[in-house]
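**Q** Prediction below, plus the sequence it came from.
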Amino acid sequence: MKVPDEVAPAVVITAEHDPLRDEGDAYAARLAAADVRVGHRCEADMVHGFLTLDTLSPAAAAAGERAFAEVADLFGQMN
């Protein structure tokens with residue numbers, strides 16, 4: 001898959017127990033190979049959709065805070 005020119009920087013966060021994790025990892029690798037600024041992390045012990053579980057799981061809430069902080073940091077670097 002070719003990465004289009006001038007792709008915006010990205011944050012790709014996958015979950016350890018997500019059936020789509022491999023696809024997210026591959027997407028982040030393709031972006032990095034195309035010299036796109038990308039932050040990539042796999043959240044240990046998380047499942048698909050963990051960002052919606054913040055009120056049920058303190059671990060999911062903490063993972064969400066890390067994700068939001070990384071996105072905010074990326075936006076801060078773009079200024």
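**A** Sure, I can see it. Residues are numbered from 1 along each chain as shown.
**Q** pLDDT averaged over stretch 57-77 - what is it?
**A** Taken as a whole, stretch 57-77 carries a mean pLDDT of 93.
**Q** residues making contact with it?
**A** 9, 11, 13, 37, 39, 41, 43, 45-46, 50-51, 53-55 (CB atoms under 8 Å, 6 or more residues apart in numbering). C-betas here are computed from N, CA, C, even on glycine.
**Q** List the buried residues in that stretch.
**A** 60, 63-64, 67, 70, 74 (16 or more other CB atoms under 10 Å).
**Q** Just the CA trace of the longest helix along the chain, in PDB.
**A** Criterion DSSP state H: the longest helix present in the chain is helix 58-78. What follows is helix 58-78, C-alpha atoms only, in PDB (Å, rounded to 0.1, in the frame of the first residue of the first chain):
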ATOM      1  CA  PRO A  58      -9.100   2.300  35.900                       C
ATOM      2  CA  ALA A  59      -6.500   0.700  33.600                       C
ATOM      3  CA  ALA A  60      -8.500   1.700  30.500                       C
ATOM      4  CA  ALA A  61      -8.900   5.200  31.900                       C
ATOM      5  CA  ALA A  62      -5.200   5.500  32.400                       C
ATOM      6  CA  ALA A  63      -4.500   4.200  28.900                       C
ATOM      7  CA  GLY A  64      -6.900   6.700  27.500                       C
ATOM      8  CA  GLU A  65      -5.200   9.500  29.400                       C
ATOM      9  CA  ARG A  66      -1.800   8.400  27.900                       C
ATOM     10  CA  ALA A  67      -3.400   8.300  24.400                       C
ATOM     11  CA  PHE A  68      -5.000  11.800  24.800                       C
ATOM     12  CA  ALA A  69      -1.700  13.200  26.100                       C
ATOM     13  CA  GLU A  70       0.200  11.800  23.200                       C
ATOM     14  CA  VAL A  71      -2.200  13.400  20.700                       C
ATOM     15  CA  ALA A  72      -2.000  16.700  22.500                       C
ATOM     16  CA  ASP A  73       1.800  16.500  22.500                       C
ATOM     17  CA  LEU A  74       1.700  15.800  18.700                       C
ATOM     18  CA  PHE A  75      -0.500  18.900  18.100                       C
ATOM     19  CA  GLY A  76       1.800  21.000  20.300                       C
ATOM     20  CA  GLN A  77       4.800  19.900  18.200                       C
ATOM     21  CA  MET A  78       3.000  21.000  15.000                       C
END
